[in-house]
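K.L.:
Need a 3D model of the following:
(2 chains)
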2 protein chains.
Amino acid sequence: MYVLKGNAMVGQSGGPTAAINATLSGVIRGAFESDAIFNIYGAFNGIQGMLEGRYCTLNEIIKGEEDLCLLENTPAAVLGSCRVKLPDPEKSDTEYKKIFDLFRKLDIRYFFYIGGNDSMDTVAKLNAYAAVIKHDIRIIGVPKTIDNDLVGTDHTPGYGSAAKYIAVSIQEVIRDCAVYTVNAVTIVEIMGRDAGWLTAASALPRIITGAAPDLIYLPECTFDYEEFFTDINAALDKHPNVVIAVSEGIRFSDGSLVGASEQSGKTDAFGHKYLSGTGKALELAVKNRIGCKVRSVELNILQRCASHIASKTDIAESVRVGYESITAAVAGVSGQMMNIIRISDNPYKVITGHIDINKTANAIKKVPRHFINDRGNNVTDECAEYILPLIEGETNPMYRNGIPVHFTIEQ
Amino acid sequence: MYVLKGNAMVGQSGGPTAAINATLSGVIRGAFESDAIFNIYGAFNGIQGMLEGRYCTLNEIIKGEEDLCLLENTPAAVLGSCRVKLPDPEKSDTEYKKIFDLFRKLDIRYFFYIGGNDSMDTVAKLNAYAAVIKHDIRIIGVPKTIDNDLVGTDHTPGYGSAAKYIAVSIQEVIRDCAVYTVNAVTIVEIMGRDAGWLTAASALPRIITGAAPDLIYLPECTFDYEEFFTDINAALDKHPNVVIAVSEGIRFSDGSLVGASEQSGKTDAFGHKYLSGTGKALELAVKNRIGCKVRSVELNILQRCASHIASKTDIAESVRVGYESITAAVAGVSGQMMNIIRISDNPYKVITGHIDINKTANAIKKVPRHFINDRGNNVTDECAEYILPLIEGETNPMYRNGIPVHFTIEQ
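P.N.:
A predicted model of the protein is given here:
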């Protein structure tokens, strides 16, 4: 087999997760072990830093196992991230020239881009451009997103940890809400503009400890206020403390966002539109219609960076996917996204593989309809059982004086 | 010594914390060991349940060490809580008669009420009433509140766990916010209407790992928008990602709440006033004045029920305070609140004691001015060092399939 030898570069892109640094650690581990790769460079802020010539030499920064372990328990993106999308190279190839100039300057023969949907678009474009200019380089997309909405993989690294945070937090919210006897509705807004995977994770305690939100609304089903009020009243007939999990991206039948609808025409003291959010919109609606005590809780960015309650399964898989991306690239793979293939449910077993990047970039995997109940106000046990193995196990972050120690890289 | 023998009752009151069940466990442990106490009853929903004759027999429910351990790692109030305040007995003694009828019926000679400020008022009133009617009973207040605002104790059980959650979460938020290069302000709203103890805990990572919010605003200092904008611009001059921790209770010099000010006159689609909250108000103000990307995150009830990241020190002290309340009561103490006395800072050492309930009920302990910097936009290292030992250590909740197992009692 022809072994391409040279240096490697890795970048992180898109929204932070609790596992994206674990994937980076896997890439570094793979590079350290490979005879084909000499230096492993880290691009600061993804392709944004590459366009600006900002990068670091990871094999000089990472001193060994302790650093890698800290890195695996550090949330967000230690190299920084970006939301830059490359243009069509036929319209403008300035950025492409800059990036490949950097590749030539540093003798980069392997490029790994850890990210979500948009990042896979970048991988596809760079790979196509390399073929056109006949530059010998292997370019691999390494998936990460808390949203779990990438096609071509059983699930995405990063999802399991966010799902665990959501499951653990919703159970605590349910305990909190149970202490009083007056009728009260608590609405928990969870991330997910297009897909309800994160919100679906709120159902997990139901099949383990019995604590469950009464109602769960995903963007995959049309939202209707009348049905919503009926559902809440039915839940209040059973017990006084109703807890509802809702995706930020739920929409009415006309396609408009529920969160946006309450904001229309309303402005703050400065003339800005109120961006109240979906939870707040529902809170106001319930207060008006049902009149009981109502509260909304937005998990916000906490749900994507909570490495202190990361899933051991997710972190281990994230490292593995990063590591295997090196193996695949050295074996000749390029223009592919690494993926996770579930080969057994019970016991849960996965292998890693890779698929054509063009089959996954810019596509969205939604929660299938049979994972949602008929009424569209909860998820099925089958859905919960698909998610459950992904949150298994607890990590052991290092604590100093009660606070987790993170690994950081100064730019 | 005269040993009063009979049964005991314990109730929980006020807002949930991650440690109030640990205190309950301590009371149960003490009751189990005491020769003076036969049955230990749990009042459902505090004095509300006592008025309605709702209670359980804890010595029949708690089977042993495993149950007690689960209880200590369960957030909120397993017996339920209430916000009932007893009237002046000279104006109306109906409630008092009902409660003491229950005491007589069950031969209750020891009553322990776990709660915050309002609950200590209940303890004071019941104790005074018992003296008036010459009913031989020992009544003890056992402190808990995440707010840490009770006078007469170095700190309150429950505060350390909430402080740990805040310190850990703010560090994760800081990591999350650091990934992009564009100027952005993230405002984290933390509980505390009158005292800034919880918000002050956001400074803890600074002295341990160096991760720190740029600015911290407490209700103890007057808030001024012009100074706020100046502070933010100075922080943005240093780095693009500014993180601000702010108490929900910050006020302008005229005494009005900053959160309320942005809501005045603004109504939603149903004619309700927008309850945007302090973080949202500041978010809108920064967006208008500075114009950069702004986001607000409200820790909301998550910060008071996060038993998965409870402080081992706090949980252990909460158990101890509950346990010692039994020892004190059996020794003849009544009409007192248990307290924690710090006898050494380095090493951190505490003992438990008790103070006259009338010296603590209805009073508020604020963050002293010397714990806050001159500018009023951060806390001092002395403040952080006072809080730090309270978040030391991690608990070991039992997990099943990735989710903590809680102890629950059916009513």
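K.L.:
Now do the contacts for A:R375.
P.N.:
With contact set as Cβ atoms under 8 Å, 6 or more residues apart in numbering or on different chains, A:R375 has these partners: A:E227, A:D231. (Glycine included, C-beta is placed from N, CA and C.)
K.L.:
and the stretch 301-411 of chain A, which residues reach chain B?
P.N.:
Within reach of chain B by Cβ under 8 Å from any Cβ of the partner chain, the stretch 301-411 of chain A has these residues: A:301-302, A:304-309, A:311, A:313, A:388, A:391-394, A:399-406.
K.L.:
Which element is encountered next along the chain beyond the strand or helix carrying A:N21?
P.N.:
Taking DSSP states H and E as the definition, one finds A:N21 inside helix A:20-33. Downstream of helix A:20-33, the next assigned helix or strand under DSSP H and E is strand A:37-43.
K.L.:
Say whether chain B is contacted by that next one.
P.N.:
No. Residues of strand A:37-43 are not located near chain B by Cβ under 8 Å from any Cβ, the shortest gap being 12.8 Å.
K.L.:
any chance you could map the strands in the stretch 1-150 of chain A?
P.N.:
Shown for the stretch 1-150 of chain A, the strands assigned by DSSP state E, counting those that start in this stretch span residues A:6-12, A:37-43, A:55-57, A:108-115, A:138-143.
K.L.:
is it possible to export those strands to TSV including distance to B:G30, mean neighbour count and mean pLDDT?
P.N.:
Converted to TSV, these look like this (distance: least, Cβ to Cβ, whole Å; neighbours: other Cβ atoms under 10 Å in any protein chain shown; pLDDT from 0 to 100):
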stretch	distance to B:G30	mean neighbour count	mean pLDDT
strand A:6-12	53	26	98
strand A:37-43	56	22	98
strand A:55-57	57	17	98
strand A:108-115	53	27	98
strand A:138-143	53	28	98
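K.L.:
Adding distance to B:A361, write these out as JSON lines.
P.N.:
Shown next, in JSON lines, are the strands of the stretch 1-150 of chain A (distance: least, Cβ to Cβ, whole Å):
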{"stretch": "strand A:6-12", "distance to B:A361": "54"}
{"stretch": "strand A:37-43", "distance to B:A361": "58"}
{"stretch": "strand A:55-57", "distance to B:A361": "58"}
{"stretch": "strand A:108-115", "distance to B:A361": "56"}
{"stretch": "strand A:138-143", "distance to B:A361": "57"}
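K.L.:
For chain B, see how far away the closest residue to A:M191 other than its chain neighbours is.
P.N.:
Here the nearest residue to A:M191 in space, its sequence neighbours aside, is A:L198; by Cβ to Cβ, 6 or more residues apart in numbering or on different chains that works out to 5.3 Å. Using Cβ to the nearest Cβ, to the nearest Å, A:L198 is found at 15 Å from chain B.
K.L.:
Now do the SS call for A:L198.
P.N.:
Three-state assignment for A:L198 (DSSP: H, G, I helix; E, B strand; the rest coil): helix.
K.L.:
In contact with A:R175, which residues are there?
P.N.:
Counted by Cβ under 8 Å, 6+ apart, A:R175 has contacts A:A211, B:P16, B:T74, B:P75, B:A76, B:C305, B:H406.
K.L.:
how many other residues sit next to the third one?
P.N.:
Summarising burial for B:T74: neighbours were counted as other Cβ atoms under 10 Å in any protein chain shown, giving 26.
K.L.:
again with the fourth one
P.N.:
Per other Cβ under 10 Å, the neighbour tally for B:P75 reads 30.
K.L.:
For it, which residues are in contact?
P.N.:
Contact partners of B:P75, counting by Cβ under 8 Å, 6+ apart, are A:172, A:175-176, B:16-18, B:21, B:304-307, B:310, B:406.
K.L.:
likewise the third one?
P.N.:
Each residue near B:T74 by Cβ under 8 Å, 6+ apart is listed here: A:R175, B:N21, B:S307, B:H406, B:F407, B:T408.
K.L.:
In helices only, show me those residues.
P.N.:
Within these, residues falling in helices by DSSP state H are A:R175, B:N21.
K.L.:
Are any of the contacts of B:T74 buried, and if so which?
P.N.:
Buried by 16 or more other Cβ atoms under 10 Å in any protein chain shown: A:R175, B:N21, B:S307, B:H406, B:F407, out of those.
K.L.:
how near is the fourth one to A:A124?
P.N.:
Which is B:H406. Distance, B:H406 to A:A124, using Cβ to Cβ, to the nearest Å: 46 Å.
K.L.:
Poorly predicted segments of the stretch 201-350 of chain A, please.
P.N.:
Residues of the stretch 201-350 of chain A that meet the criterion pLDDT under 70 lie in A:261-276.
K.L.:
Which residue ranges of it form helices?
P.N.:
Using DSSP state H, counting those that start in this stretch, the helices of the stretch 201-350 of chain A run over A:204-208, A:225-238, A:258-261, A:277-289, A:302-305, A:312-330.
K.L.:
still on that earlier bit, I'd like to know which of the residues of the stretch 301-411 of chain A next to chain B are buried.
P.N.:
The neighbour count (16+ other Cβ under 10 Å) marks A:301-302, A:304-309, A:311, A:313, A:388, A:391-394, A:399, A:401-406 as buried among those.
K.L.:
quick one on the thing from earlier: could I get the contacts of B:P75 in JSON lines, plus columns for distance to B:H354?
P.N.:
Formatted as JSON lines, the contacts of B:P75 follow (distance: Cβ to Cβ, whole Å):
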{"residue": "A:E172", "distance to B:H354": "31"}
{"residue": "A:R175", "distance to B:H354": "29"}
{"residue": "A:D176", "distance to B:H354": "29"}
{"residue": "B:P16", "distance to B:H354": "24"}
{"residue": "B:T17", "distance to B:H354": "20"}
{"residue": "B:A18", "distance to B:H354": "23"}
{"residue": "B:N21", "distance to B:H354": "21"}
{"residue": "B:R304", "distance to B:H354": "25"}
{"residue": "B:C305", "distance to B:H354": "28"}
{"residue": "B:A306", "distance to B:H354": "29"}
{"residue": "B:S307", "distance to B:H354": "27"}
{"residue": "B:A310", "distance to B:H354": "25"}
{"residue": "B:H406", "distance to B:H354": "30"}
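K.L.:
Show me the two of these that sit farthest apart.
P.N.:
Greatest spatial distance in the contacts of B:P75: B:R304 and B:H406, 15.2 Å, computed using Cβ to Cβ.
K.L.:
Geometric centre of chain A: which residue is closest?
P.N.:
Geometric centre of chain A, nearest residue: A:I146, 1.7 Å, by Cα atoms, centre = their mean.
K.L.:
Is there a neighbour count for the nearest residue to that one once chain neighbours are set aside? I'd like the number.
P.N.:
Excluding its sequence neighbours, the residue lying closest to A:I146 (Cβ to Cβ, 6+ apart) is A:A162, at 3.8 Å. Residues lying near A:A162 (other Cβ under 10 Å) number 35.
K.L.:
Please give the element, helix or strand, for A:A162.
P.N.:
helix A:159-177.
K.L.:
was I right about A:T360 contacting A:M337?
P.N.:
Yes. Using Cβ atoms under 8 Å, A:T360 is in contact with A:M337, at 5.1 Å.
K.L.:
what's the neighbour count on A:D194?
P.N.:
Residues near A:D194, counting by other Cβ under 10 Å: 16.
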